[in-house]
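In: the following comprises the amino acid sequence and a computationally predicted model.
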Amino acid sequence: MYIEHIVSRKSDAMTALKKAGLGLAAAVLTFAVFVVQSISFLTPAVFVLSIWAANKFIRLQNIEYEYIVTNGELDVDKIMGRSKRKRLVTADARNFEVFAPMEPEYEKQYTSQSIKKTYDAAASKNSQNRYFAIFNDKTGLRSLLVLEYDARIIDALKPYVPRRIQQDR
């Protein structure tokens, strides 16, 4: 069994500020080199490099998460700027202690003080369709994984966590 699903992270105010700050930094750097007459021959190179770097870092702020379920193993990858991929976490669904929607009735479990590591791979912190899983990661830390709801992913994980899955949808 192989299922994959991609979720795009929604931009928040902090991401917008980072993007604006990077653009402003590129403009200020170019202006500073232009003002200093002794190195004005570098202005075109600094202008091109600062625009290129700002564009690259701004694009890296566009984040997607890819969920891949393969025979009960859930891999979550973080994709930045549609070009750079990083494995966020790998979890075996058989090791999930709890797998449930992030609803008030389960709040005590997903806000537990015993959770040492949190992986948030949902579109937004305010999304209505968030699920969470509590498990021990490969290093043995008690971890919390937050996912965006997708029926195919939930159905693919059900056979591996039948007594620990809570589904209200």
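Out: Okay, I see it.
In: which helices and strands does the helix or strand containing Ile6 pack with?
Out: Assigned by DSSP states H and E, Ile6 belongs to strand 2-8. The contact analysis (3 or more C-beta pairs under 8 Å, 6 or more residues apart in numbering; DSSP states H and E) places strand 2-8 against strand 63-70, helix 151-157. In short, each C-beta sits where N, CA and C put it, glycine included.
In: using PDB, list the CA coordinates for the last one.
Out: Provided in PDB are the C-alpha atoms of helix 151-157 (Å, rounded to 0.1, in the frame of the first residue of the first chain):
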ATOM      1  CA  ALA A 151      -9.400  10.600   4.300                       C
ATOM      2  CA  ARG A 152      -7.000   8.400   2.200                       C
ATOM      3  CA  ILE A 153      -4.200   8.800   4.800                       C
ATOM      4  CA  ILE A 154      -6.500   8.200   7.700                       C
ATOM      5  CA  ASP A 155      -8.000   5.100   6.000                       C
ATOM      6  CA  ALA A 156      -4.500   3.800   5.100                       C
ATOM      7  CA  LEU A 157      -3.400   4.100   8.800                       C
END
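In: list the helices and strands it packs on?
Out: Judged by 3+ C-beta pairs under 8 Å, 6+ apart, the packing partners of helix 151-157 are strand 2-8, strand 63-70.
In: mean pLDDT, mean neighbour count and distance to Arg85 added to the ones you listed, as JSON lines?
Out: Listed next are these as JSON lines, based on pLDDT from 0 to 100; neighbours: other C-beta atoms under 10 Å; distance: least, C-beta to C-beta, whole Å:
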{"stretch": "strand 2-8", "mean pLDDT": "92", "mean neighbour count": "15", "distance to Arg85": "12"}
{"stretch": "strand 63-70", "mean pLDDT": "94", "mean neighbour count": "19", "distance to Arg85": "8"}
